[in-house]
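K.L.:
okay, here's the prediction I keep looking at, along with the sequence it came from:
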Amino acid sequence: MDSDGTHEARGTHANPVPRPAAPPDAPAVPPRPAWEPGEPPRQEHSRGQSVAAWLDEARPEAGTGIWRFGYRMPKAGLNVERLAPVTVVGMLIPFAVALLVWSFWQRGAIPYQYTVLRLFTPDDWWWGGTLASPKLLEDQPIQRPGVEALQVYNAVFFALLVYTVGRLGGWPAVVRHVVGRRPQPARALLAALGALVTLSFVFPDAFPVVGWDALPIANPLRSLIALINGDYEIYRSPLVPGALNALITLAVLWPFARLGDWWSLTRSRLAARRAERQEDVTSAAEQSRARWPELREAGQHQAAEVLTAEVLAGWMNDVDCARVEHGWVRARLQGRLSVFTDTVLRQGAAAFTHPSGARDLHGRTARHDLLTGQVRIGKWAAAERTPPAYRGVGAALGRETLGTSMLVVGPSGAGKTRHVIAPVVESLALQALTGSCAVVVVSSAGTPLGADSSYDVVVRVGDPASVHDLDPYADSDDPDEAAGFLAEALAGDLDTVGAERAATALAQLLGPYRAAYGHFPALPVLRELLEGHPAALSDLRGRLDDDRHMAMRRELEARARQVGTSGDPGPALADRLALLDRPVFADFFGSGGGTIRPFSLRAVAHHPLRVRIDLPEHGHEQASRLIARLVLAQFAGVVRDGSREHFVSLVLDDATGAVTPTSVRRIQRLRSQNAGVVLALRTVSDVPESLHGPLYGAVGCRMALSGVTTWDGSRFADAWGTEWVEAKDVAQHTVFADQPMTRAMHALRKLVTGRAVTTEAVTVRQVERERWSASELAHKVPPGHAVLSLTSVQGEHAPPLLVDLRG
């Protein structure tokens, strides 16, 4: 960072990367109005209100891949299964029969002597009549406890009826199914409603709106206590009936409290209330991010007032806010708070502007949140496998997930570029404007990945109008490193020539040539040396006669001895190099003679640049793949240089032929180097079969789009592995009753429903199954959808879930 708060975008070679001028179609930012610290901020534009609202929007911590901007935990919309009509009928039949029996009992139609209760009643307690209508003498004291016994018998008979109805109709299971599976607080409210209705039947006198009689629960208990005590003297004190009513109420509420899970709901509400009380009470103005509270806490009140006025007046956009916040973080880490304050006071919203002068991208196509570094690519589908926290919320990608590298596989037309690559590139380009990221995009010419004005450097390989050229040696001073880059590009996909042998052969030529001429050879000259032309080798040998170059002379002699042998890798490398030694590429790869400015990929490791490399047009497919391998090899090599604070990403819109064993090993090390790659493939078959497993293991994020084949799906299924799930096996068995009454009830139930009475035998077991099978990936992913799994650099995982890319 310079003294004025900007970054100098220079490469490390003699020809620097120029500071591009502001793009002609960049949105015009109005000049900052005259404003002095201490004046109240002016809210002149609705744009200021929207930016302030964007700053103040909640961004809670959420699961990996969740769009955090305004995230709210979705309600667990539990899909309670609807009861089958047969189940409803089976519940109501015993209930109707029980009502009929109870009405006969209350009317006295069932004589006492014909009931089983007569077997347990002493003879001196009976005076004739029925249980409901005993023969009593009016206005005469009762010497025997017959009435009390009748109350107890009523309660026992009622309890038997309730138990019979519950067992025959399956009421407990149905209540647990309907109420117990609902989310809180609906579950607790339903249980409370059930408890209230039950209490109205037990104590109808306490509910004036109801007009029914009390159930035989409270009075029989009072009669039982009277029987035990021998009289009603104990009821003269109000404590006994009050305590008895309290016990009855608790007994009624207990099962409903268990069903509604009132205890856990109460504990969670009390914990939330306690947490709210422990939070620091601050004013709403101080909580607003639009007033820059972090700067105020650090004592930078003047800078905070300037930025607050800029935001509320509408002179700052989201890129400006994110850029200034990134500059504040850098200033605190480097201990340069005075430089930060001075820059903000002088430049205001334009402080720490990108070297290109751009403060936004023209024509955004995706939703971005630059404070969290996320871009929204769709919506997590509300499918059965989706966890509640992900169901129906936005799906997003950010630096924390792209830092583990990403593999996108989908056929042509599935939306790889439109729904995934383009939003990711746009997000990385915006973050580059904030100084927190550098991006290199490699795509075919004409791919819609943003206008030229959205990039600082555009390399059009093979286009005479291109302003920049690609340095094949990445501005390296080490012959071995430069030979490694070229060997990976030329022989990385060859089985006949290993990358190590190719690197050794190239180093034996590059080292002596640099010692003799002070620079590496152009590609046509290197091709001649690889082919072993005597004139080229003798000329180079003649320039190494000095004793200072004795080591390099030995290198060259070793290379000369290999020329013409059966194990010489030179001819194969020269044949591959001939793909780039074509007339269309005559002015590129260091052969332009100064007409095209060379660009070294090493610059992205030191500066937040936006680079796009357009591969040649149709007819040069092999050359395009070779260039893609070269860029991938250089990228993995240069990101190791020194220490940097910004994230570096490489996006390959078509990685066909770019993946090699060496590149896979380098991709695995990128996450520890604050870098990552995004690889897009039409099919996994574009990668050698021996690299399928290592490639899937090297990347942390994997996406399978709609339309993949079962062969590609099998690779994803193997990478995502299996999970333990609960499997239920339900078997229905016909019930054969032994008792006449039960057989009659079953016959009546079968007559009404048309089905025999059955019982279900449920077997629950834990089984291991694939998270997504190859067949499901090939045939059950809807168009416009994809299955995405994510891993962050901190090690957090998001399982493979269905995402709607059009949501």
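P.N.:
Yep, that arrived.
K.L.:
if I look at the nearest residue to residue 292 once chain neighbours are set aside, how far off is residue 291?
P.N.:
Among residues not flanking residue 292 along the chain, residue 304 sits closest, at 4.2 Å (C-beta to C-beta, 6 or more residues apart in numbering). In this view, the C-beta of every residue, glycine as well, is placed from N, C-alpha and C. Separation of residue 304 from residue 291 (C-beta to C-beta, to the nearest Å) stands at 7 Å.
K.L.:
tell me the secondary structure for the closest residue in space to residue 728 that isn't next to it in sequence?
P.N.:
Nearest in space to residue 728, with sequence neighbours left out and distances taken as C-beta to C-beta, 6+ apart, is residue 764 at 5.4 Å. Taking DSSP: H, G, I helix; E, B strand; the rest coil as the rule, one finds residue 764 in the strand state.
K.L.:
looking at it, residue 764 is touching residue 726, isn't it?
P.N.:
Yes: with contact defined as C-beta atoms under 8 Å, residue 764 reaches residue 726; the gap is 6.1 Å.
K.L.:
shaky segments in this protein?
P.N.:
By pLDDT under 70, the low-scoring segments of the chain are 1-48, 74-184, 206, 208-242, 275-287, 591-594, 642.
K.L.:
what residues are up against residue 57?
P.N.:
Residue 57 makes contacts with 69-70, as judged by C-beta atoms under 8 Å, 6 or more residues apart in numbering.
K.L.:
let's number from 620 now, not from 1
P.N.:
Yes, from this point I'll number from 620; that puts the last item at residue 676.
K.L.:
just the element for the residue nearest to residue 911, please.
P.N.:
Element membership for residue 923 (DSSP states H and E) is helix 920-932.
K.L.:
buried residues in stretch 1375-1395, which are they?
P.N.:
For stretch 1375-1395, a neighbour-count test (16 or more other C-beta atoms under 10 Å) marks 1376, 1389-1393, 1395 as buried.
K.L.:
now swap in stretch 1198-1207 and tell me
P.N.:
1198-1200, 1203-1204, 1206-1207.
K.L.:
tell me the one of those nearest residue 1355?
P.N.:
Nearest to residue 1355, judged by C-beta to C-beta, of these is residue 1198 at 82.8 Å.
K.L.:
wait, the closest one sits on residue 1245?
P.N.:
Yes: contact criterion C-beta under 8 Å: residue 1198 and residue 1245 qualify, at 5.8 Å.
K.L.:
what's the first-to-last distance across stretch 1324-1343?
P.N.:
One end of stretch 1324-1343 sits 25 Å from the other (C-alpha to C-alpha, to the nearest Å).
K.L.:
look up phi and psi at the residue nearest in space to the middle of the chain.
P.N.:
Nearest to the mean C-alpha position of the chain, by C-alpha atoms, centre = their mean, lies residue 684 at 2.2 Å. Dihedral pair for residue 684: phi 90, psi 0, per degrees, to the nearest 10.
K.L.:
next: residue 1295.
P.N.:
According to degrees, to the nearest 10, residue 1295 has phi -160, psi 160.
K.L.:
any idea how far residue 1379 is from residue 1358?
P.N.:
Taking C-beta to C-beta as the criterion, residue 1379 is separated from residue 1358 by 21 Å.
K.L.:
could you do residue 880 as well?
P.N.:
To residue 1358, residue 880 is 37 Å away according to C-beta to C-beta.
K.L.:
in a strand, residue 1347, correct?
P.N.:
Yes: under three-state DSSP, residue 1347 falls within a strand.
K.L.:
between the buried residues of stretch 1198-1207, which is nearest residue 1148?
P.N.:
residue 1200 (12.4 Å).
K.L.:
contacts only, for that closest one.
P.N.:
So residue 1200 contacts 1142-1143, 1146 (C-beta under 8 Å, 6+ apart).
K.L.:
do the same with residue 1343
P.N.:
By C-beta under 8 Å, 6+ apart, residue 1343 lies in contact with 1385-1387.
K.L.:
could you redo the last one with a cut-off of 10 Å?
P.N.:
Applying C-beta atoms under 10 Å, 6 or more residues apart in numbering, we find residue 1343 in contact with 1385-1388.
K.L.:
could you measure from it over to residue 1152?
P.N.:
Residue 1343 is 66 Å from residue 1152, where distance means C-beta to C-beta.
K.L.:
go on, residue 1249?
P.N.:
Taking C-beta to C-beta, one finds residue 1249 at 24 Å from residue 1152.
K.L.:
and what of residue 1246?
P.N.:
25 Å.
K.L.:
with neighbour numbers in mind, choose between the two.
P.N.:
residue 1246 (27 against 14; other C-beta atoms under 10 Å).
K.L.:
quick one: list the elements packing against the host helix or strand of that one.
P.N.:
Counting by DSSP H and E, the element that carries residue 1246 is helix 1240-1257. Judged by 3 or more C-beta pairs under 10 Å, 6 or more residues apart in numbering; DSSP states H and E, helix 1240-1257 is in contact with strand 1056-1063, strand 1087-1089, helix 1098-1110, helix 1189-1196, strand 1229-1234, strand 1266-1271, helix 1280-1287, strand 1294-1300.
K.L.:
in a markdown table, list these along with mean neighbour count.
P.N.:
Shown next, in a markdown table, are the helices and strands packed on helix 1240-1257 (neighbours: other C-beta atoms under 10 Å):
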| stretch | mean neighbour count |
| --- | --- |
| strand 1056-1063 | 24 |
| strand 1087-1089 | 23 |
| helix 1098-1110 | 23 |
| helix 1189-1196 | 20 |
| strand 1229-1234 | 24 |
| strand 1266-1271 | 26 |
| helix 1280-1287 | 19 |
| strand 1294-1300 | 25 |
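K.L.:
out of these, which is closest to residue 1074?
P.N.:
Taking the helices and strands packed on helix 1240-1257 one by one with C-beta to C-beta, strand 1229-1234 is closest: 4.5 Å.
K.L.:
tell me the strands beside that closest one, with direction?
P.N.:
Under the criterion DSSP bridges, strand 1229-1234 sits next to strand 1056-1063 (parallel), strand 1076-1079 (parallel) in its sheet.
K.L.:
using PDB, write out every CA atom in the shortest one.
P.N.:
What follows is the C-alpha trace of strand 1076-1079 in PDB, where atoms were taken according to Å, rounded to 0.1, in the frame of the first residue of the first chain:
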ATOM      1  CA  VAL A1076      -5.500  -7.300 -18.100                       C
ATOM      2  CA  VAL A1077      -7.000  -9.100 -21.000                       C
ATOM      3  CA  VAL A1078      -4.700 -11.500 -22.900                       C
ATOM      4  CA  ARG A1079      -6.200 -12.600 -26.300                       C
END
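K.L.:
chain center to that strand: distance?
P.N.:
Averaged C-alpha coordinates place strand 1076-1079 at 34 Å from its chain's average position (C-alpha atoms, centre = their mean, to the nearest Å).
K.L.:
I am finished for the moment; much appreciated.
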